[in-house]
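**Q** return atomic coordinates for the entry below.
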Amino acid sequence: MQSQQDVIIIGGGHNGLVCGAYLARAGLRTLVLERRALFGGAAVTEEFTPGFRASRFSYVMSLLHPRVIRDLELRIHGLTVLPANDLFCPLGDDDAIVFSDDTRKTQAEFARFSRHDAEIYPQFARYLEESARVVRRLLLETPVDPVRRSWRSFKRSAQLLWRERRIGDQAYRLVDLLTQSAYDYLSAWFEHDIIKTVLAYYACIGTFAGPKSPGTAYVIMHHLMGEHEGAGGWGFVRGGMGAITQAIARAGEKYGMRVLTEAPVAEVQVADGRVRGVRTVDGREFGARAVVSNVPAGTLFGRLVGAAHLPAEFMREIATFRTFSTAFKMNIAATAPPRYRAFDAARRGFAYPTYVHIAPDIDYLERAYDDAKYGWYSARPFLTPVVPTIVDDTLAPPGQHVINVFGGHAPYRLRDGASWVDEKAGLTRAALEVIEGMAPGFGAQIIGMETLVAPDLEEIVGLPQGHIFHGELSPDQLFWQRPAPHYADYRTPVRGLFQCGSSTHPGGGVSGIPGHNAAREILKDWRRL
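**A** Numbering: from 1, shown residues only. Just a heads-up that it's a prediction; the model follows:
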């Protein structure tokens with residue numbers, strides 16, 4: 001062995017870095033091995049055209065957990081959150097709707113379309129927030145195994161039930177969220193489709209589903225349940241999303257954590273049922289008492305760990321974990337941001353809409369999914385254009401701008417053997433036409449851009465089939481079944497081998513929660529490893 005560590009972490013994405021920082025803080029010799037020359041996973045800032053840097057993959061801070069921010073002192077290590085404006089949703093022609101954290105402002109917007117919806121919105125917001133509080137408590141729980149016949153499993157399940165004994169009717173609300181479509185869930189409250197669309201849009205972000213697909217109601221809450229008051233805020237990160245992972249790395253380095261880049265792992269070494277270390281592609285070997293994987297479950301168990309070391313039933317669960325993605329990302333350099341014809345600064349009370357959703361109605365969202373469902377990219381995709389350079393002067397030359405566009409749907413695999421090499425230009429045109437329809441003349445402002453489809457996201461940062469959450473956030477892939485029954489507690493069938501990535505509870509997004517939870521479980525087991 002070239003070097004002996006206490007812990008080796010495979011993958012320098014944000015969860016791997018969070019896990020490593022916590023373990024180093026506990027006194028363990030921790031080494032993070034990152035495949036790319038740049039660590040950070042999907043939370044990185046990179047130049048994509050000369051002179052322009054972007055949050056190339058993940059693009060806004062919304063879920064990073066307050067506990068992680070506080071415990072690792074990320075603000076001291078350089079995390080600075082910049083404000084984003086209220087959500088602006090152009091509807092076509094000169095109309096738009098604004099969705100705000102300020103309930104009264106949102107009610108005033110809703111009232112233009114439905115007095116009923118405006119009046120009931122505060123009750124809906126409280127109802128959803130009460131459900132979100134329950135889920136937030138579960139975020140930091142290690143999933144139990146409710147069917148394993150052992151005293152340890154029984155004890156842990158009983159402890160969870162006791163901690164959540166006051167859940168009451170919230171249990172029924174969670175069943176609704178986990179089983180209903182976003183459209184049905186919202187239709188129980190609101191009567192106007194435009195208002196339903198504003199909220200149902202969240203259910204489609206990064207999900208291979210439409211707003212009328214069962215189970216999508218939960219995804220609304222997943223995107224809206226970040227909590228940052230007093231801990232950092234919601235919005236853009238100064239210096240791009242890479243500033244988050246840089247801050248986490250500095251926190252870990254303070255305690256002795258090391259990050260080694262350009263070190264792709266070829267094999268997790270296992271002997272006698274326990275992990276021994278890893279071997280990199282170039283033949284270096286690193287021994288460790290524990291190995292923690294931040295890479296997707298399918299990559300870990302399908303490529304890095306020999307099948308002989310894993311139960312057949314477990315491998316079947318991993319093989320059927322659904323990761324098919326239809327998300328795409330565009331990074332655009334421009335002389336000016338999109339000028340939406342429906343935006344009036346004087347009327348709206350802010351200078352520019354830095355955060356925008358483009359999807360005028362429910363049928364628009366559903367048709368975008370229909371195209372992908374039959375194996376093709378959306379003729380009119382839904383889009384989230386954001387412009388961080390309105391508030392962040394570190395990403396572009398003075399007076400110029402970076403526009404990040406997240407969109408759907410563009411399937412990982414196209415029908416009839418079509419290739420993204422040939423079809424990416426068509427998707428790019430379709431997306432720009434949608435923006436141009438809301439912001440005439442924007443195309444003439446473009447200096448350079450890149451379009452990243454699911455195969456690109458998989459190749460560059462290892463997202464499985466390009467899935468931004470490492471797998472669907474559906475009821476069959478959550479909590480004690482993420483990524484597989486009996487192994488949702490960050491442990492694996494191999495002793496000393498753990499998982500800390502988005503394939504585990506509670507799923508994707510730049511939250512740091514899987515890394516935090518995995519570190520806690522590793523420290524619990526440490527003496528027995």
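
**Q** who touches the helix or strand where Phe236 lies?
**A** Per DSSP states H and E, Phe236 falls inside strand 235-237. Residues outside strand 235-237 that contact it (CB atoms under 8 Å, 6 or more residues apart in numbering) are 55, 60-61, 79-84, 243-244, 354, 386, 388, 391-392. C-betas here are computed from N, CA, C, even on glycine.

**Q** put the buried members of the residues you listed into a ChimeraX selection.
**A** Applying 16 or more other CB atoms under 10 Å to the contacts of strand 235-237, the buried members can be selected in ChimeraX as follows:
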select :55,60,61,79,81,82,84,243,244,354,386,388,392
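
**Q** of the contacts of strand 235-237, which belong to strands?
**A** When DSSP state E defines the strands, the subset of the contacts of strand 235-237 inside them is Ser55, Val81, Leu82, Pro83, Val386.

**Q** so where is the stretch 401-529 of the chain shaky, pLDDT-wise?
**A** In the predicted model of the stretch 401-529 of the chain, no residue satisfies pLDDT under 70.

**Q** the helices in it, which residues?
**A** With helices called from DSSP state H, counting those that start in this stretch, the stretch 401-529 of the chain shows them at 420-438, 454-461, 513-525.

**Q** of the ones you listed, flag the one that's most buried.
**A** helix 513-525 (a mean of 22; mean count of other CB atoms under 10 Å).

**Q** could you give the angle of the longest helix anywhere in the chain to helix 513-525?
**A** If you go by DSSP state H, the chain has its longest helix at helix 115-139. For helix 115-139 against helix 513-525, the angle by axes from the mean of the first three to the mean of the last three CA atoms, to 10 degrees is 30 degrees.

**Q** now do helix 115-139: which elements does it pack against?
**A** Applying 3 or more CB pairs under 8 Å, 6 or more residues apart in numbering; DSSP states H and E, we find helix 115-139 packed against helix 103-111, helix 170-179, helix 217-224.

**Q** just the ones you listed: most buried one?
**A** Mean neighbour counts for the helices and strands packed on helix 115-139 (mean count of other CB under 10 Å) peak at helix 217-224, with a mean of 22.

**Q** restrict that helix to CA atoms and write it as PDB.
**A** Taking Å, rounded to 0.1, in the frame of the first residue of the first chain, the C-alpha atoms of helix 217-224 are listed here in PDB:
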ATOM      1  CA  ALA A 217     -46.300  16.300  -5.200                       C
ATOM      2  CA  TYR A 218     -43.400  15.400  -3.000                       C
ATOM      3  CA  VAL A 219     -40.900  16.900  -5.400                       C
ATOM      4  CA  ILE A 220     -42.600  20.300  -4.900                       C
ATOM      5  CA  MET A 221     -41.700  20.100  -1.200                       C
ATOM      6  CA  HIS A 222     -38.200  18.800  -1.800                       C
ATOM      7  CA  HIS A 223     -37.300  22.000  -3.700                       C
ATOM      8  CA  LEU A 224     -39.100  24.300  -1.300                       C
END
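
**Q** for the record, mean pLDDT for that helix?
**A** Regarding helix 217-224, the rounded mean pLDDT is 79.

**Q** can you add distance to Glu262 and give the helices of the stretch 401-529 of the chain back as CSV?
**A** Listed next are the helices of the stretch 401-529 of the chain as CSV, based on distance: least, CB to CB, whole Å:
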stretch, distance to Glu262
helix 420-438, 27
helix 454-461, 14
helix 513-525, 22
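
**Q** of the ones you listed, which is nearest Ala308?
**A** Evaluated over the helices of the stretch 401-529 of the chain, closeness to Ala308 peaks at helix 513-525, with 23.5 Å, by CB to CB.

**Q** let's see the closest one as CSV, backbone CA atoms only.
**A** Provided in CSV are the C-alpha atoms of helix 513-525 (Å, rounded to 0.1, in the frame of the first residue of the first chain):
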residue,chain,number,x,y,z
ILE,A,513,-27.1,16.1,4.5
PRO,A,514,-26.0,12.7,3.2
GLY,A,515,-22.4,13.6,4.0
HIS,A,516,-23.3,14.8,7.5
ASN,A,517,-25.4,11.7,8.3
ALA,A,518,-22.9,9.2,6.9
ALA,A,519,-20.1,10.7,9.0
ARG,A,520,-22.3,10.3,12.1
GLU,A,521,-22.9,6.6,11.3
ILE,A,522,-19.2,6.0,10.6
LEU,A,523,-18.2,7.5,13.9
LYS,A,524,-20.8,5.3,15.7
ASP,A,525,-19.2,2.2,14.1
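
**Q** related to what we said a few turns ago, any buried residues in the longest helix of the chain, and which?
**A** 117-118, 120-121, 124, 128, 131-132, 134-136, 138-139.

**Q** in terms of pLDDT, where does Leu138 sit?
**A** pLDDT, Leu138: 86.

**Q** just checking, it touches Arg482?
**A** No. Leu138 is beyond contact range of Arg482, at 11.9 Å (criterion: CB atoms under 8 Å).

**Q** all the strands of the stretch 251-400 of the chain, residue numbers only.
**A** Secondary structure of the stretch 251-400 of the chain (DSSP state E, counting those that start in this stretch): strands at 258-260, 265-271, 274-280, 285-293, 327-334, 382-386.

**Q** any chance of the ones you listed in CSV, plus distance to Ala319 and mean pLDDT?
**A** Shown next, in CSV, are these (distance: least, CB to CB, whole Å; pLDDT from 0 to 100):
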stretch, distance to Ala319, mean pLDDT
strand 258-260, 31, 98
strand 265-271, 18, 97
strand 274-280, 22, 97
strand 285-293, 17, 97
strand 327-334, 22, 98
strand 382-386, 31, 98
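
**Q** could you export those as CSV, including distance to Ile8?
**A** Formatted as CSV, the strands of the stretch 251-400 of the chain follow (distance: least, CB to CB, whole Å):
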stretch, distance to Ile8
strand 258-260, 10
strand 265-271, 9
strand 274-280, 6
strand 285-293, 4
strand 327-334, 30
strand 382-386, 36
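
**Q** figure out which of those strands is closest to Thr106.
**A** Checking the strands of the stretch 251-400 of the chain against Thr106 by CB to CB gives strand 382-386 as the closest, at 18.6 Å.

**Q** which residues does the closest one contact?
**A** With contact meaning CB under 8 Å, 6+ apart, strand 382-386 is reached by 59-60, 84, 201, 204-205, 236, 338, 354-359, 364-365, 368, 403-408, 431, 434-435.

**Q** what's the spacing between the nearest residue to His467 once chain neighbours are set aside and Gly78?
**A** Nearest residue to His467, sequence neighbours excluded (CB to CB, 6 or more residues apart in numbering): Ser325, at 4.0 Å. For Ser325, the distance to Gly78 (CB to CB, to the nearest Å) stands at 31 Å.

**Q** between the two, which is the more surrounded one?
**A** Counting neighbours by other CB atoms under 10 Å for Ser325 and for Gly78 shows that Ser325 has the greater number, 31 against 16.

**Q** who touches the more buried one in this structure?
**A** Contacts for Ser325 (CB under 8 Å, 6+ apart) come out as Gly206, Phe208, Pro411, Tyr412, Ala454, Leu457, Leu463, Pro464, Gln465, Gly466, His467, Ile468.

**Q** please check the residues you listed and keep the buried ones.
**A** For the contacts of Ser325, burial is judged from neighbour counts taken by 16+ other CB under 10 Å, and it is met by Gly206, Phe208, Pro411, Tyr412, Ala454, Leu457, Leu463, Pro464, Gln465, Gly466, His467, Ile468.

**Q** not counting residues beside it along the chain, what's closest to the fifth one?
**A** Right, the one you point to is Ala454. In space, not counting the residues next to it along the chain, Ala454 is nearest to Gly466; the distance is 2.6 Å by CB to CB, 6+ apart.

**Q** what residues are up against that neighbour?
**A** With CB under 8 Å, 6+ apart, Gly466 has these contacts: Ser325, Ala327, Tyr412, Val453, Ala454, Pro455, Asp456, Leu457, Glu458.
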